[in-house]
Every structure is written in C-alpha cells, then in structure tokens.
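Engineer: This is the structure alone, sequence omitted:
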C-alpha cells in the first residue's frame, strides 16, 4: 500500500481531527445551559440528518433487514459505539475541562490493544505492547491524580471515570467495526448514527423542560456537535478511508488531545498542570509503544 500522502489528504486529516477535537469545546458550551438529555438527541439527530443527505445524494441505501450480519453491526455500533460513549462523555464534561476529557479519551487505543488481543490472532500482545499498556496506565493514573483515587465519591473522579468509560466504548466500537461486513461508503455511518439517534429519543421524555433554557450559544453548540463533529466528520472519515487506510485515520488519536488543549486554552483559558502534561506524554508514549512491532531479522541468502 502506498504510504505517501498528498497535501490534500493531510489537510483533510487535520480537518477531521479538528472536527472531533472541537466536540469537547462545543460540549463544554452546551452543558452550561442544557441537560445531557437534550444535548445527546440534538447532536445525534443533526448528525443523522447530515449523513442521510449525503447518502441519498450518492444514490445509496441501507441494507435490507434480511442482512442480519450488517444490521447486528449497525445496532452494535449505534448503541455501544455511539449513543453510550456520547452520553458518558457528555455527563463527564459537566464537571471537568474539555481538554482533560480529550486527554482521557486518548487512552482508548490502550483499551483497544487489550480487546484486540482477546479477539484477533493477528493482534496479539507483544513486549512493546505490554510496555505501552503499562506506560499508558501510569499516565491515566497520573492524570486522575492520587488524591482523586483516594476519594471514590469525588465528583471529579466520577466524571473522569465516565469519560474513561466512553473511551472503552470507543474501543469496543473498533472491535465491532473490524468484524462488520463491508457496505457502501456512507451506509454504515448513516445506519449506526440513526440507530443511536433513535436510542436517545427517550431521553427527551424524562427531561424537565421547565428547567431548560435554550440560549443562542447552547443551540449553536448542539448544532455544531451534530453537523460538524458527527455529520461532517463522518463524511470526511468515509472519504479518507476510501483513499488512504484505517491506520492513517487512527493517527487522529495522537493529535486530537493536542488540538483540544489548544482550543481549550484559547476559548476557555484552560491550562493543564505539569502533571497533566506528564500524563499526556505517558499516554501517547504508551500508544506509540503499543503499536510498535519488533523488527524481523533479515533472511540469510
């Protein structure tokens, strides 16, 4: 496979990373005025609408319900891989900074390494992967902080664990996606985002609407989450996957925390502590080590 990337592909890579990194900042704005039970359905509804428009424009359609493997994958990606992590991460961001949430999400590849070891023969744990997992775990512990670990009832700790739960869901999402049957480019995201949107509808019925205050800022944030971080990001992802590779897309996990921290600094004056920066280095070092492969000795002539 050709690993040389064009400037246009790198530009789209950065745009995709920015769409996903921007979700943390937009969520921070949204949770100031709106409950999670309104943000999640709003985001998923807007995202599904954008993706449906894209799919219909391409002349594609969802698979028939008789295609059981495809629909099992769509339902799994929509519930475990989309609706659940959106809820957990949004709940977590009600009390922690957006850049801290992004740093916690960067642990997702470490969870993926463990799950892949259990499910796939060609992704077994190696010495490099074990070192990476240990470094990543140390980074997460440092990020959460020893004081937070002592008080399990601490609201900040609970919020951070919710975000880590979302990262675990994203890891499970990757396992499901790898085993999913191949469909037309826009079909899979349309299917699972629509399923996720439908799963979130009941949240609107338990919302206390008398306490909801929709401001221009929060409305714009929800629309941005749906149209940009879910819909537009899905379209860019589909386009890049068709032109490059899943490995290339996975590199977004390295830049999203950095972009989120930059956005958090300029938009909210969020400044992470030195321990958080150290944790950031440990987590990304763990991800890097977990993906290294031992070089094979050259064959003797």
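Structural biologist: Thanks, I have it. Everything numeric here is computed off the predicted structure, so don't read it as measured data.

Engineer: Pop out the phi and psi values for residue 229.
Structural biologist: Torsion angles at residue 229 (phi, psi; degrees, to the nearest 10) stand at phi -80, psi -20.

Engineer: what's the spacing between it and residue 136?
Structural biologist: 25 Å (C-beta to C-beta, to the nearest Å). Every C-beta, even on glycine, is put in place using the N, C-alpha and C of the backbone.

Engineer: Those two - which one has more neighbours?
Structural biologist: residue 136 (27 against 23; other C-beta atoms under 10 Å).

Engineer: who's in contact with residue 206?
Structural biologist: Contacts here follow C-beta atoms under 8 Å, 6 or more residues apart in numbering; on that basis residue 206 touches residue 37.

Engineer: so what pLDDT did it get?
Structural biologist: Looking at residue 206, its pLDDT is 86.

Engineer: quick one: low-confidence parts of the stretch 201-301 of the chain?
Structural biologist: 242, 245-251, 253-254, 269-276, 286-301 (pLDDT under 70).

Engineer: let's see 90
Structural biologist: 206-214, 231-301 (pLDDT under 90).

Engineer: how about the helices in it?
Structural biologist: Per DSSP state H, counting those that start in this stretch, the stretch 201-301 of the chain carries helices over the ranges 216-224, 233-243, 246-250, 252-268, 274-290.

Engineer: Can you say which of those helices is nearest to residue 16?
Structural biologist: When those are compared by C-beta to C-beta, helix 233-243 sits nearest residue 16, at 4.6 Å.

Engineer: Which one, of the helices of the stretch 201-301 of the chain, ends up nearest to residue 105?
Structural biologist: helix 252-268 (7.3 Å).

Engineer: Only the buried residues of that closest one, if you could.
Structural biologist: Neighbour counts over helix 252-268 (16 or more other C-beta atoms under 10 Å) mark 252-253, 255-261, 263-264 as buried.

Engineer: So what does residue 206 have for phi and psi?
Structural biologist: phi -100, psi 10.

Engineer: whoops, residue 182 was the one
Structural biologist: With angles defined as degrees, to the nearest 10, residue 182 sits at phi -80, psi 130.

Engineer: if I look at residue 136, how far off is residue 181?
Structural biologist: 31 Å.

Engineer: How about the contacts made by residue 162?
Structural biologist: Per C-beta under 8 Å, 6+ apart, neighbours of residue 162: 88-89, 91-92.

Engineer: if you set the cut-off to 6 Å instead, what comes out?
Structural biologist: By C-beta atoms under 6 Å, 6 or more residues apart in numbering, the contact set of residue 162 is 88, 91-92.

Engineer: One more: residue 90?
Structural biologist: 27, 36, 39.

Engineer: can you rerun that using 10 Å?
Structural biologist: 23, 27-28, 30-31, 34-37, 39-40, 43, 101, 162-163, 166, 225 (C-beta atoms under 10 Å, 6 or more residues apart in numbering).

Engineer: can you tell me which of these are in strands?
Structural biologist: Nothing among the contacts of residue 90 maps onto strands, per DSSP state E.
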